[in-house]
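A.B. asks: no FASTA, just this:
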Ligand code: NAP
């Protein structure tokens, strides 16, 4: 058994195992949980209650999540005198599936962000964002119900990898000089520089995860979104390597869009997934104008950043958008919004993002029945117009409820 500096592992419950790349989930898995800063406390309390109730109802007490509190952010500072203690990384890595509330980015803490650090240290290479519509949520488009996509955004490469040199520093001068003398590239002396690496390894493991997801969840298509018409050796290569991976590893399950028309007259054969690609700027139009043609989306980091928020906004759901960060062995599910500090401990904010992230977690565990209960409870609660302030102010005739009441209503509405 693993040893921690300051954590005591729950005596009940077991570690989630892995066999041939597949999770082996015991009846009582130990799940590390980072409560989060600010409103983290408000939404995590409610989320745990809703998840516990769903698991209890779905499995008559046979299954149970054994929550294991681990520390990050302000509570870690208080306990360990550091923002992200080693115990926390070790616990998430060892127990394999974890849930996390939002964390404040410490000013001058030497971190770009605690979230980015967690993803980097644990090598959680895929940021997975499902975006779908919940009937009754006010949305800015006419047919928000047409949206049902899952975005796989690369988490470790691209311009977000953080390889940057500040304008005016000796380092940036060296880079500019190197580019001029060795590569024949002229760059203005007063420039800052960022490097955008995109690798075969990084691309193919993301494409593999996304295509496998599409197969496992009966999805129709996988779309690579890139800006390869301009950035040929990074974005263009991302797209080419994506197709290559589909051909190499999923030849029976996938066909390309070109093959769909050349060999199948535009009719997708039963059981096949269409693999296609779109240029990023066109995709931002198409997700609005031809929303229901898209399903699973795979994209480098920066495109994914824009696309996930744009898609979530389209269904009125930025405040309710869930997310997961995954590697082949470890998964960390998290609310996608921040700590909204002005609402801390007031029991007023919307717990939807964290609750839906917990739904993703239950699906990842293979506990679909519990996940479905929560979704049905949430759908019904929104249809009853019992919502927190953020939705109430946008919905006509809605009743404003507290965070805890919203959670209780979801549980009452389990079907
Ligand atoms: P934020 O915490 O997401 O809050 C911005 C606004 O979004 C809030 O004032 C509120 O709007 C609304 N909002 C956010 N969560 C909500 C919820 N659950 N229910 C209802 N409304 C919600 O963004 P921020 O103020 O830019 O960031 C605050 C801190 O969070 C920063 O330290 C930042 O670094 C951190 N952060 C963490 C994460 C993460 O952990 N993943 C992500 C983003 C930011 P109204 O004021 O209109 O009600």
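C.D. replies: On my side now, so go ahead. Here the structure is a predicted model, which means the values were calculated and not measured.

A.B. asks: List the contacts of residue 124.
C.D. replies: Going by C-beta atoms under 8 Å, 6 or more residues apart in numbering, residue 124 touches 118, 155, 325-327, 330-332. Quick note: C-beta positions are derived from backbone N, CA and C, even for glycine.

A.B. asks: residues of stretch 273-291 that come out buried?
C.D. replies: Using 16 or more other C-beta atoms under 10 Å as the test for burial, stretch 273-291 gives 273-280, 283-284, 286-287, 291.

A.B. asks: Is it possible to get JSON lines of these that adds secondary structure and distance to residue 264?
C.D. replies: Converted to JSON lines, the buried residues of stretch 273-291 look like this (DSSP: H, G, I helix; E, B strand; the rest coil; distance: C-beta to C-beta, whole Å):
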{"residue": "273", "secondary structure": "strand", "distance to residue 264": "13"}
{"residue": "274", "secondary structure": "strand", "distance to residue 264": "10"}
{"residue": "275", "secondary structure": "strand", "distance to residue 264": "13"}
{"residue": "276", "secondary structure": "strand", "distance to residue 264": "14"}
{"residue": "277", "secondary structure": "strand", "distance to residue 264": "18"}
{"residue": "278", "secondary structure": "strand", "distance to residue 264": "20"}
{"residue": "279", "secondary structure": "strand", "distance to residue 264": "24"}
{"residue": "280", "secondary structure": "helix", "distance to residue 264": "27"}
{"residue": "283", "secondary structure": "helix", "distance to residue 264": "24"}
{"residue": "284", "secondary structure": "helix", "distance to residue 264": "29"}
{"residue": "286", "secondary structure": "helix", "distance to residue 264": "22"}
{"residue": "287", "secondary structure": "helix", "distance to residue 264": "25"}
{"residue": "291", "secondary structure": "helix", "distance to residue 264": "24"}
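
A.B. asks: do the least confident helix or strand in the chain by mean pLDDT and the ligand meet at all?
C.D. replies: Every helix and strand in the chain was compared by mean pLDDT, DSSP states H and E; the lowest is helix 114-121, with a mean of 89. Yes. Using C-beta under 6 Å from any ligand atom, helix 114-121 reaches the ligand at residue 115.

A.B. asks: Can you confirm whether the following helix or strand past that helix lies near the ligand?
C.D. replies: Using DSSP states H and E, the helix or strand that follows helix 114-121 in sequence is strand 126-132. No. Using C-beta under 6 Å from any ligand atom, strand 126-132 stays clear of the ligand, with a minimum separation of 10.6 Å.

A.B. asks: what is the orientation angle of strand 126-132 with helix 114-121?
C.D. replies: Angle of strand 126-132 versus helix 114-121, following axes from the mean of the first three to the mean of the last three C-alpha atoms, to 10 degrees, is 130 degrees.

A.B. asks: bridging residues for residue 128?
C.D. replies: Using DSSP bridges, the bridge partners assigned to residue 128 are residue 152, residue 324.

A.B. asks: Count the residues that sit near it.
C.D. replies: Using other C-beta atoms under 10 Å, residue 128 has 24 other residues around it.

A.B. asks: For it, list the residues it contacts.
C.D. replies: Going by C-beta under 8 Å, 6+ apart, the list of residues near residue 128 reads 150-153, 213, 323-326, 360.

A.B. asks: Distance of whatever residue of the stretch 301-415 of the chain ends up closest to the ligand relative to residue 183?
C.D. replies: Nearest to the ligand in the stretch 301-415 of the chain, going by C-beta to the nearest ligand atom, is residue 338, at a distance of 2.5 Å. Per C-beta to C-beta, to the nearest Å, residue 338 is found 40 Å from residue 183.

A.B. asks: Tell me which of those two has more neighbours.
C.D. replies: In terms of neighbours (other C-beta under 10 Å), residue 338 is the more surrounded of residue 338 and residue 183; the figures are 16 against 9.

A.B. asks: re earlier: got a markdown table for the buried residues of stretch 273-291, with pLDDT too?
C.D. replies: Formatted as a markdown table, the buried residues of stretch 273-291 follow (pLDDT from 0 to 100):
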| residue | pLDDT |
| --- | --- |
| 273 | 97 |
| 274 | 97 |
| 275 | 98 |
| 276 | 97 |
| 277 | 98 |
| 278 | 98 |
| 279 | 98 |
| 280 | 97 |
| 283 | 97 |
| 284 | 97 |
| 286 | 96 |
| 287 | 96 |
| 291 | 97 |
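
A.B. asks: can you give me the strands for the stretch 51-200 of the chain?
C.D. replies: 66-70, 97-100, 126-132, 148-154, 164-165, 193-194 (DSSP state E, counting those that start in this stretch).

A.B. asks: Is there contact, residue-wise, from the second one to the ligand?
C.D. replies: Right, the one you point to is strand 97-100. No. Counting by C-beta under 6 Å from any ligand atom, the ligand has no neighbours in strand 97-100; the shortest distance is 7.5 Å.

A.B. asks: If you drop the residues flanking it in sequence, what lies closest to residue 309?
C.D. replies: Nearest residue to residue 309, sequence neighbours excluded (C-beta to C-beta, 6 or more residues apart in numbering): residue 318, at 6.6 Å.

A.B. asks: The helix or strand harbouring residue 238 to strand 148-154, inter-axis angle?
C.D. replies: Per DSSP H and E, residue 238 falls inside helix 237-249. Going by the same axes, to 10 degrees, helix 237-249 is angled at 110 degrees with respect to strand 148-154.

A.B. asks: Now do stretch 279-288: everything it contacts.
C.D. replies: With contact meaning C-beta under 8 Å, 6+ apart, stretch 279-288 is reached by 141, 147, 149, 223, 225-229, 235, 278, 293-294, 297, 299, 303, 306-307, 310-311, 314.
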